[in-house]
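what's the 3D shape of this:
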Amino acid sequence: MSMRRILAAAAGGVLVAVAGVAVAANFTSSAQTDFYSPGKHQFYVWCAGGSDYMASASGANAEDAQMKLYSQTKAHGKSTCWPIWQGSVPI
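Alright, predicted model coming up:
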């Protein structure tokens, strides 16, 4: 192999790696932005010894919506249930 082919292959590998990192960073950034954004959020409500279910709640961010949903489930006598954030719900 000539030196040109080796350098071209190395440059191509670097470009593919950079593109992969950019795509992965975009997914992470999007999830973090959704978590801290206001609006409606979807949760998987896990219940110890009971039936799990899906629910949604609105809040200033995902944590606020999670606490509102937890308070609602606790008020309905389901104190062993905990909402787990799944993502934001598009409007």
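
Kindly state the beta-bridge partners for residue 42.
Beta-bridge partners for residue 42, by DSSP bridges, are residue 56, residue 87.

Could you do the one 5 residues further on as well?
With DSSP bridges as the criterion, residue 47 is bridged to residue 81.

which intervals of the protein have sub-threshold pLDDT?
1, 12-31 (pLDDT under 70).

what are the ranges of the strands in it?
39-47, 53-59, 81-88 (DSSP state E).

helices and strands around the last one, which ones?
Other elements packing on strand 81-88 under the criterion 3 or more C-beta pairs under 8 Å, 6 or more residues apart in numbering; DSSP states H and E are helix 3-36, strand 39-47, strand 53-59, helix 62-75. (Each C-beta comes from the backbone N, C-alpha and C, glycine too.)

Quick one, which of the strands of the chain gets closest to residue 6.
Of all those, strand 81-88 sits nearest to residue 6, with 44.4 Å by C-beta to C-beta.

Any idea how far that closest one is from the middle of the chain?
Strand 81-88 sits 10 Å away from the centroid of its parent chain (C-alpha atoms, centre = their mean, to the nearest Å).

Over to stretch 35-53?
12 Å.

Same question for it: list its buried residues.
41-43, 45 (16 or more other C-beta atoms under 10 Å).

Pick out the most distant pair among these.
Across the buried residues of stretch 35-53 (C-beta to C-beta), the longest gap, 12.2 Å, separates 41 and 45.
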